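1. Provide a 3D model corresponding to the input given below.
(chains A, B, C and D)
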There are 2 protein chains.
Amino acid sequence: MNLKQLSHMLSLSQTTVSRALNGYPEVNEETRRRVMDAAKRHGYRPNPSARRLATGKSGMIGYVLPTGAAVDIDPHFVEFLSGLGDYARAHELDLVLSPADADDEETTYRRIVANRQVDAVYLSSPRPADKRLALVNTLGIPFLVHGRSEGFDFDYPYLDIDNEGAFHEASRLLIQLGHKRLALINGNDRETFAIHRERGMRRALAASGLTLGERHIRSVAMTEENGYRAARRLLEEDERPTAIVCSSLIMALGVVRAVRDLGLAIPGDLSLVAHDDVFPWLRPENFPVPLSTTRSSIRLAGARVAERLAARISGLEEGARGEVWPVDLVVRGSVAGAPV
Amino acid sequence: MNLKQLSHMLSLSQTTVSRALNGYPEVNEETRRRVMDAAKRHGYRPNPSARRLATGKSGMIGYVLPTGAAVDIDPHFVEFLSGLGDYARAHELDLVLSPADADDEETTYRRIVANRQVDAVYLSSPRPADKRLALVNTLGIPFLVHGRSEGFDFDYPYLDIDNEGAFHEASRLLIQLGHKRLALINGNDRETFAIHRERGMRRALAASGLTLGERHIRSVAMTEENGYRAARRLLEEDERPTAIVCSSLIMALGVVRAVRDLGLAIPGDLSLVAHDDVFPWLRPENFPVPLSTTRSSIRLAGARVAERLAARISGLEEGARGEVWPVDLVVRGSVAGAPV
DNA sequence: AGAGGCTTCCAAAGCGCTTTGGCTATTTTG
DNA sequence: CAAAATAGCCAAAGCGCTTTGGAAGCCTCT
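-> Predicted coordinates for the structure are as follows:
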């Protein structure tokens, strides 16, 4: 059933039927009802390929997926996807993943824009002065950044959590508990979120006249193994830290293992706080010692990104609105006063 | 730059240019070269929307993503995606994720097929007599199943690992080490992979005159917490098992925690084997006691699925070919002889 | 020399939608 | 009451490709 058949069957022109269906004003309300009715009754669905060719709109949102033998997709991605899907489903928005060589994402961005494959894209894990962001901004396709970049002379729309505030609060708590030697096990410090977290922590320390020594900060890919290694190096020092703030639950697994291996105890010898993106399959309250966390559901963020993207596509949202979500600090058994 | 301009510039018809570019035989080789040349020089890329409208082919593969508040996307998915992307990138194949209500995926399948949004789809986590499989089979779109189903009167193309063989081997090893009370912490036993794993284990036990008691098998969603709970229940019994085989590394984390909480030791009191899908961020060799595993890279599977899907789209692969990959049994410190 | 067969190309007709420009009534306005 | 505005509809022209159904030119064969 296509438009031609439908319009013929209604003794109307394709123009009128098309307009009736798409809510244009220049059609009599009664005619519109007739058309709508017939369309529903016959299960008419406009052919998206044809519509796309005519309008240039695809009804899909895009994401360029960096791939390559050395590239690991962040496990957070799947949770984010869940959220995105939750919203997108209700609006029949599909998501197109365009795999790209991690060393040359530009080609792919250019391709999907030139081909008008998607109506909007979102970027994640931005770095300061991220090239992708500049590119997508000049290409003129609607976009939204999950996270933030820095160092541009233009503004852009984004959704981020208050990483700096979160780690500031976590650090402040630890300091108030008497800790003086804090350490940070961070994610890749070329990504903005990691920079913000470090900044938050330094700010809290500075406020109490403390500092974060070079040796007390590790910046690594967020795997269990890296968490372990980082923790061991930190804890085997002479003046070992009495509190660690850690950028992910997965790394925290490694930290816990290291603490055990060294015969230390949480929170007796070491207080630990980690950031929790809220995975259904790994929960901080189920750590050997329930883990204090800075918590923010990445899944909710995914849903919100989809929502805003949809709004941008339909023109409801414009401009460079930035949105920063507060982060909960959830205190559980893994923090205590500094050992004497 | 579109076809019209290009052909005009070459003083050829659109027909000829189109044919030259698409490798049709009825065009002079020299003309073809001229055309190819000009196309490359001017960076001509056929508009996919137009091509799609004309041919019905989209150059994308599809996946219906079950979503909903109660639905958690499997973290394995992202690794699978990595692999898929590795292959797809080289072939400019995009992946479209169509979110669907987990309780009604059928509508979405019908939509993407009716709309010809994708050239092929893949299904994952199939169950016995999975409705999606039957649906997709009748809808007539090329497809590939990652995993296997059972109980159909038709064959279908799939890629699966030898789950039964893997758990058979793991169990056999444990039995040979003198274990008599084995337990299984499995995934959702409505999914085929879990059924196969249980079958493999039972087969190994039966071969030695042993059985798997009802109380010695747990079937749960694969989270750390569920692993913990299942292990506790198993280990708090009077006649507790001396060996556990576990369907995922994430659950194994919980098992390890439970063992610790109960004051037991691995492998002294309990031998443990888990299935490892090979995550970059959680490796069995880094468990407190290095974990023995049945190992199969889900990432490689993703790449292979993409490859076969591409072959199916282009007609290079046909019929209902099933492909079953062997699974490695990797022995590490977590298994030992049965306690006396 | 004429019939038949290749080779190489083309004009035009789709694919199924949206949108432009225009046309005919009907209503409003000065 | 004539002129202007408005409401409601339509034919046709795209969107940029692929593909059908020739057609022209040149060989080959009998």
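
2. residues near the residue in the stretch 151-300 of chain A that DNA strand C sits nearest to, how many?
-> Closest contact between the stretch 151-300 of chain A and DNA strand C, by CB to the nearest atom of the strand, is at residue A:157 (24.1 Å). C-beta: built from backbone N, CA, C; applies to glycine. By other CB atoms under 10 Å in any protein chain shown, the residues close to residue A:157 number 20.

3. just residue A:172 next, same as before
-> For residue A:172, using other CB under 10 Å, the count is 18.

4. What sits closest to the residue nearest the centre of chain A if chain neighbours are left out?
-> Per CA atoms, centre = their mean, the C-alpha nearest to the average position across chain A is that of residue A:146, at 4.5 Å. In space, and not counting its chain neighbours, residue A:146 is closest to residue A:124: 4.4 Å by CB to CB, 6 or more residues apart in numbering or on different chains.

5. you'd agree the one you found is up against residue A:80?
-> Yes - checked against CB atoms under 8 Å, the pair residue A:124 and residue A:80 is within contact range at 7.3 Å.

6. so what sits against both of those two?
-> Counting by CB atoms under 8 Å, 6 or more residues apart in numbering or on different chains, the contacts common to residue A:124 and residue A:80 are residue A:146.

7. More neighbours: which of those two?
-> The residue with more neighbours, out of residue A:124 and residue A:80 and counting by other CB under 10 Å, is residue A:80; that gives 26 against 21.

8. Show me what the host helix or strand of that one is in contact with.
-> With elements delineated by DSSP states H and E, residue A:80 resides in helix A:76-90, which encompasses its position. Among residues not part of helix A:76-90, those counted as contacts by CB under 8 Å, 6+ apart are A:61, A:93-95, A:124, A:146, A:277-280, A:297-307, A:310, B:65, B:67-69, B:71-75, B:77-78, B:81, B:97, B:99-101.

9. Buried among those? Make that a ChimeraX selection.
-> Selecting only the buried members of those in ChimeraX, with burial defined as 16 or more other CB atoms under 10 Å in any protein chain shown, works like this:
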select /A:61,93,94,95,124,146,277,278,279,280,297,298,299,300,301,302,303,304,305,306,307,310 /B:65,67,68,71,72,73,74,75,77,78,81,97,99,100
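
10. which ones among the contacts of helix A:76-90 are found in helices?
-> With DSSP state H as the criterion, helices contain A:298-307, A:310, B:77-78, B:81 from among the contacts of helix A:76-90.

11. Serialize those to JSON lines and add fields for pLDDT.
-> Formatted as JSON lines, the ones in helices among the contacts of helix A:76-90 follow (pLDDT from 0 to 100):
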{"residue": "A:298", "pLDDT": "97"}
{"residue": "A:299", "pLDDT": "97"}
{"residue": "A:300", "pLDDT": "97"}
{"residue": "A:301", "pLDDT": "98"}
{"residue": "A:302", "pLDDT": "98"}
{"residue": "A:303", "pLDDT": "97"}
{"residue": "A:304", "pLDDT": "98"}
{"residue": "A:305", "pLDDT": "98"}
{"residue": "A:306", "pLDDT": "97"}
{"residue": "A:307", "pLDDT": "97"}
{"residue": "A:310", "pLDDT": "95"}
{"residue": "B:77", "pLDDT": "95"}
{"residue": "B:78", "pLDDT": "94"}
{"residue": "B:81", "pLDDT": "96"}
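
12. Identify, from those, the entry nearest to DNA strand C.
-> Of all those, the one sitting nearest DNA strand C is residue A:310; the distance, using CB to the nearest atom of the strand, is 17.8 Å.

13. Break chain A into its domains for me.
-> Chain A resolves into domains spanning A:3-46, A:60-161+A:300-325, A:163-297 when parsed by automatic domain parsing.

14. For the shortest one, the averaged confidence score.
-> Average pLDDT, domain A:3-46: 94.

15. quick one: stretch A:33-47 near DNA strand D?
-> No - no part of stretch A:33-47 sits near DNA strand D under the criterion CB under 7 Å from any atom of the strand; the closest distance found is 8.8 Å.

16. For the stretch 1-150 of chain A, just list every one of the strands.
-> With DSSP state E, counting those that start in this stretch as the definition, the stretch 1-150 of chain A shows strands at residue ranges A:60-67, A:94-101, A:120-124, A:143-146.

17. Nearest to DNA strand C, out of those strands?
-> In terms of CB to the nearest atom of the strand, the element of these nearest to DNA strand C is strand A:60-67, at 15.8 Å.

18. Show me what the closest one is packed up against.
-> strand A:94-101, helix A:105-114, strand A:120-124, helix A:298-313, helix B:76-90 (3 or more CB pairs under 8 Å, 6 or more residues apart in numbering or on different chains; DSSP states H and E).

19. quick one: contacts of it?
-> A:73, A:88, A:93-102, A:105, A:108-109, A:112, A:117-124, A:132, A:306, A:309-310, A:313, B:81-82, B:85-86, B:89, B:96.

20. what angle do that strand and helix A:298-313 make?
-> Taking axes from the mean of the first three to the mean of the last three CA atoms, to 10 degrees, strand A:60-67 and helix A:298-313 form an angle of 130 degrees between their directions.

21. For the spatially closest residue to residue A:105 that is not a sequence neighbour, give its distance to residue A:107.
-> Sequence neighbours aside, residue A:64 is the residue nearest to residue A:105 in space, at 5.3 Å (criterion: CB to CB, 6+ apart). Noted for residue A:64: a distance of 10 Å to residue A:107, by CB to CB, to the nearest Å.
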